[in-house]
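*Asks:* What would the 3D arrangement of this be:
(one chain, ligands or ions: 1)
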Amino acid sequence: MKETTSASASATKTLELRAPVSELIRRRYSCRTYRPEPIAAAQQRRLTELMAAHVAGPLGAQARFALVAAAPGDDSALRRLGTYGFIKGATGFVVGAVRRAPRDLEDYGYLLEQIVLFATDLGLGTCWLGGTFTRGSFVRRFGGLARDETMPAVVSLGLIGDDGGERIREREEGSRRLPSSELFFARRFGEPLDLGAVGAYAQALEALRMAPSATNKQPWRLVRDGDGGGEGGGAWHFYLRRSRGYGKGSALFSVLRIADLQRVDMGIAMCHFELVARERGLAGSWVVRDPGIPLPGKDTEYTVTWVAE
Ligand SMILES: Cc1cc2nc3c(=O)[nH]c(=O)nc-3n(C[C@H](O)[C@H](O)[C@H](O)COP(=O)(O)O)c2cc1C
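*Replies:* Next up is the predicted model:
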């Protein structure tokens with residue numbers, strides 16, 4: 001057992017939302033078509049305030065974010081920011097950077113997903129962009145990066161433009177998720193987790209399953225350790241199961257210099273899990289301490305543990 005990083009939950013500030021976070025997680029989907037009206041000034045202000053307040057990740061990395069938004073009547077301003085045509089009419093982007101640290105990409109995912117859920121609470125549509133954006137032009141709009149910073153991904157946002165039909169279709173496509181039996185295990189990989197025996201953690205797991213991930217690969221795997229039944233005590237170990245084509249050594253990673261997006265996915269999943277756990281009154285904290293559970297293959301690596309109190 002080697003402890004590399006430890007951070008208490010109190011390192012992250014509480015996210016103030018109007019709607020229950022579990023409902024916002026159900027409501028969120030990748031919105032790729034926006035209405036031309038700009039994001040209201042009051043909403044822009046609230047987003048900017050939130051971004052300024054949540055810059056310390058739960059695993060010790062520091063990030064910073066900015067809102068790049070179109071001004072009223074200026075709907076062409078953001079067109080030059082390249083998104084390769086996948087995103088239509090976004091009137092805003094959340095851009096950001098994280099300082100290099102052992103769990104920088106996970107922390108970036110965690111912090112930016114908080115902003116996504118806050119934007120969802122404001123009624124805005126959002127879409128994570130990790131591959132299909134021209135990094136150079138976004139970095140310029142951000143005012144450049146420090147030597148030890150990276151910009152792993154950005155998020156488009158704006159007033160939802162797709163009509164109900166498209167939205168429902170998107171939601172259905174987007175909610176295609178792996179079954180719990182392939183994601184969550186008890187004590188060791190391959191041993192099914194009885195969701196009926198984990199109390200309110202079942203809702204935290206469902207929120208995690210609904211998390212967005214790059215090309216919907218859902219690379220997260222969890223092993224529940226500890227005292228068996230009930231929700232008290234125990235630990236949840238988070239593992240990353242890499243898909244081919246992602247991660248160090250892959251062409252995407254080295255040639256296109258795309259960030260290790262599946263580690264960003266992991267941070268997003270941590271965010272969903274923790275926010276819903278806390279909403280259900282379940283306390284805990286994050287620690288990086290590999291429990292040494294045998295891995296199912298070379299494509300799987302340990303990331304972090306949620307220690308339940
Ligand atoms: C880190 C990350 C990067 C992503 N990059 C892109 C992207 O470059 N272009 C895009 O259209 N969608 C992108 N997505 C959105 C995913 O395709 C989407 O989250 C997934 O298919 C699940 O659908 P849902 O978000 O509607 O639930 C990205 C998502 C994540 C988490």
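
*Asks:* residue contacts, the residue of the stretch 1-150 of the chain found nearest the ligand?
*Replies:* At 3.0 Å from the ligand, residue 130 is the closest residue in the stretch 1-150 of the chain, using C-beta to the nearest ligand atom. In this view, the C-beta of every residue, glycine as well, is placed from N, C-alpha and C. Neighbouring residues of residue 130 by C-beta atoms under 8 Å, 6 or more residues apart in numbering: 152-153, 214, 258-259, 261, 264.

*Asks:* before we move on, what about residue 206?
*Replies:* 180, 276.

*Asks:* Report the secondary structure state of it.
*Replies:* Using DSSP: H, G, I helix; E, B strand; the rest coil, the structure places residue 206 in helix.

*Asks:* Wait, a strand at residue 111?
*Replies:* No: using three-state DSSP, the secondary structure at residue 111 is helix, not a strand.

*Asks:* What is the burial count for it?
*Replies:* Residue 111: 26 surrounding residues under other C-beta atoms under 10 Å.

*Asks:* Can you tell me which of the contacts of residue 130 are buried?
*Replies:* For those, a neighbour count by 16 or more other C-beta atoms under 10 Å gives the buried set as 152-153, 214, 258-259, 261, 264.

*Asks:* Relative to residue 225, how far out is residue 153?
*Replies:* Distance, residue 153 to residue 225, by C-beta to C-beta, to the nearest Å: 31 Å.

*Asks:* Contact partners for the residue nearest the centre of the chain?
*Replies:* Geometric centre of the chain, nearest residue: residue 268, 2.1 Å, by C-alpha atoms, centre = their mean. Residue 268 makes contacts with 109-110, 112-113, 128, 211-213, as judged by C-beta under 8 Å, 6+ apart.

*Asks:* And the ligand, is the helix or strand it falls within touching that?
*Replies:* Assigned by DSSP states H and E, residue 268 belongs to helix 261-279. Yes: using C-beta under 6 Å from any ligand atom, we find that helix 261-279 touches the ligand at 261, 264-265, 268.

*Asks:* I'd like those residues as CSV, with pLDDT appended.
*Replies:* Shown next, in CSV, are the residues of helix 261-279 next to the ligand (pLDDT from 0 to 100):
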residue, pLDDT
261, 93
264, 97
265, 97
268, 98
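
*Asks:* Next, give me the two most distant ones among the residues you listed.
*Replies:* 261 and 268 (10.2 Å; C-beta to C-beta).

*Asks:* Tell me which stretches of the stretch 151-300 of the chain form strands.
*Replies:* Using DSSP state E, counting those that start in this stretch, the strands found in the stretch 151-300 of the chain span residues 154-158, 184-186, 220-225, 235-241, 284-289, 300-308.
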